[in-house]
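>>> Need coordinates for the below:
(chains A and B)
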Amino acid sequence: DTAVSQTPKYLVTQMGNDKSIKCEQNLGHDTMYWYKQDSKKFLKIMFSYNNKELIINETVPNRFSPKSPDKAHLNLHINSLELGDSAVYFCASRLTSGGTDTQYFGPGTRLTVL
Amino acid sequence: GNSVTQMEGPVTLSEEAFLTINCTYTATGYPSLFWYVQYPGEGLQLLLKATKADDKGSNKGFEATYRKETTSFHLEKGSVQVSDSAVYFCALRVGGAQKLVFGQGTRLTINP
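All right, here's what the predicted structure looks like:
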């Protein structure tokens, strides 16, 4: 009955590789987000999609490419991984039409780049 | 711009102590304010929220009051438990903006 799920939970890879993180929500929400949490626990938004359309794209390297195949999924693909990409990545979702302000977060994906 | 500043951590208290974690904000417009909690190894969970001035959010014994005059949303709990050990994030959302702006997080450790 997980509301927002992410796979994988842990990802260890070498510099230069390409990897993807998947996110799915079963809440019927229309907006999804990716956040990055660095080693000091600082959380910053990266992207947001509403009804499969990109609405927020913060200053993120273009090696990061989100893809939303449908409203329930928002995947994050990262090319040419760098050491500085090591972080915990959180997916979140929210209902914007007639919903509340509340964003629901997934459990996070800990990415380690060696 | 919009920003959130929280008190520096880590904070270490004994069980049953009184807790205050300070949060102040800068916002263009009238934000909604939130406290999220992150337990070890888990994602963020909404703890409480307030959407307009003088509103008080409360949950699990925690409270925070939206103070427009001091642009603050301090988190308080009268008697903390070991199970409250976590990282606490203050956040805001302005108007129709789709994103949350987070503070830097405050790590709280409660010792028995």
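>>> Next, work out how far apart the spatially most central residue of chain A and A:Asn62 are.
With distances taken as CA atoms, centre = their mean, the residue of chain A nearest its centroid is A:Trp34 (3.1 Å). Noted for A:Trp34: a distance of 14 Å to A:Asn62, by CB to CB, to the nearest Å. All C-beta atoms are positioned from the backbone trio N, CA, C, and that covers glycine.
>>> on that earlier part again, wouldn't the residue nearest to the centre of chain A be in contact with A:His77 here?
No: proximity of A:Trp34 to A:His77 does not meet the contact threshold set by CB atoms under 8 Å, at 10.9 Å.
>>> Give the residues shared as contacts by the two.
Common neighbours of A:Trp34 and A:His77, using CB atoms under 8 Å, 6 or more residues apart in numbering or on different chains, are A:Pro66.
>>> What helix or strand is the residue nearest to the centre of chain A located in?
Using DSSP states H and E, A:Trp34 sits within strand A:31-37.
>>> helices or strands next to that strand in the packing?
Secondary-structure packing of strand A:31-37 (3 or more CB pairs under 8 Å, 6 or more residues apart in numbering or on different chains; DSSP states H and E): strand A:19-25, strand A:43-50, strand A:73-78, strand A:87-94.
>>> For chain A, which residues are neighbours of chain B?
Taking CB under 8 Å from any CB of the partner chain as the contact definition, chain A meets chain B at A:4, A:31, A:33, A:40-45, A:48, A:50, A:55-56, A:90, A:92, A:94, A:96, A:101-108.
>>> Tell me how many other residues surround B:Leu47.
Counted by other CB atoms under 10 Å in any protein chain shown, the residues lying close to B:Leu47 total 21.
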